[in-house]
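Peer 1: next come a sequence and a model predicted from it.
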Amino acid sequence: MNRNDVTRSLSDLVRKKLTNNCTFWAEEVELDFGKARIDFVGFKPFNIMQNGMNAAAIDKGTFSFYEVKSCMADFNSGHGKTFLGDENYLVCERSLAEELYQKGLLPGSVKVLVPNKPRTGLIVAFDTSNSFGTWSRRTKTSSELLWNMISARVSNKVETVVSELLEQAHEN
């Protein structure tokens, strides 16, 4: 596969994981007015099954940052190593993960995800986060990150809401 095909394949697997694990997710999320961009950000409210949806569930929610890297040149490009979420993931091919490990280049505080053998999901290849749980590296508030996600080019919720509003407008 060429670089674009690898990126597309890995991104599809990230979308699948986010759809299964997060209430809201978005692609190409910009922070600090475009100074940084994250390939994917997922959001999961805190403990809504027990307490229902409320302000605390949003404020204490978990933001997961995913950076997709197709090859070593992509990894070394100087772009897209923004690991400032509550959970941080580097998504790449197994060969790149092994090379990064052997060269001592794995970023700290991340889990490295690679495709499983049938390429139907992502599995953890390396974990540099902390064996007793991850310590959040997040410096942004929940409201700021959610606004950045809403403003992103693609998300799993915003497009649906916009299309429903457009349908309602056409009916009236």
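Peer 2: Received the coordinates, thanks. Numbers count the residues shown, from 1 in each chain.
Peer 1: look up phi and psi at the nearest residue to residue 155 once chain neighbours are set aside.
Peer 2: Spatial nearest neighbour of residue 155, excluding adjacent residues (CB to CB, 6 or more residues apart in numbering): residue 26 at 3.8 Å. C-beta coordinates here come from the backbone N, C-alpha and C atoms, glycine included. When quoted as degrees, to the nearest 10, the phi and psi of residue 26 stand at phi -150, psi 160.
Peer 1: try the one 5 residues further on
Peer 2: Dihedral angles phi and psi of residue 31 (degrees, to the nearest 10) take the values phi -120, psi 160.
Peer 1: please name the bridge partners of it.
Peer 2: residue 36 (DSSP bridges).
Peer 1: which residues sit against stretch 110-124?
Peer 2: With contacts defined as CB atoms under 8 Å, 6 or more residues apart in numbering, stretch 110-124 is touched by 9-10, 13-14, 16-17, 66, 83, 87-94, 97, 100, 106, 125-129, 134.
Peer 1: and for stretch 4-13?
Peer 2: Residues contacting stretch 4-13 (CB under 8 Å, 6+ apart): 1, 27, 39-40, 68, 70-71, 74, 91-93, 115, 119, 121-122.
Peer 1: re the thing from before, just the contacts of stretch 110-124: which are in strands?
Peer 2: In strands, defined here by DSSP state E, the members of the contacts of stretch 110-124 are 66, 87-91, 125-127.
Peer 1: most neighbours, which of those residues?
Peer 2: Counting neighbours by other CB atoms under 10 Å, residue 66 leads the ones in strands among the contacts of stretch 110-124 with 28 neighbours.
Peer 1: would you mind measuring from that one to residue 56?
Peer 2: Distance, residue 66 to residue 56, using CB to CB, to the nearest Å: 25 Å.
Peer 1: got the buried residues for the longest helix along the chain?
Peer 2: If you go by DSSP state H, the chain has its longest helix at helix 3-21. Buried residues in helix 3-21, counted by 16 or more other CB atoms under 10 Å: 6-7, 10-11, 13-15, 17-18.
Peer 1: partner strands of the helix or strand encompassing residue 114, parallel or antiparallel?
Peer 2: Assigned by DSSP states H and E, residue 114 belongs to strand 111-115. Pairing partners of strand 111-115, with direction, according to DSSP bridges: strand 87-91 (parallel), strand 122-127 (antiparallel).
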